[in-house]
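just coords:
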C-alpha cells in the first residue's frame with residue numbers, strides 16, 4: 001500500500017472517530033445542553049477559532065516563507081498547510097511535542113524545499 005493511500009485511510013478513520021465522539025457527546029450530555037453551551041459562547045467561539053488559525057499559524061507560515069531562498073520557496077498556502085499539520089501532530093501527541101517539527105520538516109522536504 002502506498003503512503004498516500006495509508007494517509008487517506010487514516011484521515012477517513014480519524015474523521016469517522018471524531019464524528020462518533022461528537023455524536024456520543026450529543027447523546028450522553030443531551031443535544032439541548034450541548035447547543036446551549038455553544039449558544040452561550042455566541043459568535044465569539046468562532047472568532048477565537050479564526051484567531052487561533054489566522055494569527056499564529058499564518059504568521060509562522062509567513063516567517064517560513066521569508067526564510068526560504070527564492071529558488072526553493074514554496075507557496076504560502078503550502079507552508080500554512082504544513083504548519084497546520086505540524087501543530088496538529090504536536091497537539092495530538094503531547095508527549096512528543098517535537099513530533100510536529102519533524103513532520104513539518106519532512107513535508108517541506110517532500111514538497112521540494
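Alright, I've got the coordinates. These numbers were taken from a predicted model, which means no experiment stands behind them. Residues are numbered from 1 along each chain as shown.

what's the pLDDT at residue 20?
On pLDDT, residue 20 comes in at 91.

ok, residues contacting stretch 68-81?
Here stretch 68-81 makes contact (CB atoms under 8 Å, 6 or more residues apart in numbering) with 57, 58, 61, 62, 64, 65, 108, 111, 112, 113. Every C-beta, even on glycine, is put in place using the N, C-alpha and C of the backbone.

repeat that for 6 Å
With contact meaning CB atoms under 6 Å, 6 or more residues apart in numbering, stretch 68-81 is reached by 61, 64, 65, 111, 113.

same thing with stretch 38-57?
83, 84.

Now do it: distance from first to last residue.
End-to-end distance of stretch 38-57: 24 Å, with CA to CA, to the nearest Å as the criterion.

Okay, buried residues for that stretch please.
residue 57 (16 or more other CB atoms under 10 Å).

for the chain, which spans come out with low pLDDT?
For the chain, the stretches flagged by pLDDT under 70 are 1-3, 94-97, 113.

what's the domain layout of it?
1-41, 42-113 (automatic domain parsing).

Please state the offset of the lengthiest helix in the chain from the chain centre?
When the chain is parsed with DSSP state H, its longest helix is helix 3-29. Relative to the centre of its chain, helix 3-29 is centred 14 Å away, using CA atoms, centre = their mean, to the nearest Å.
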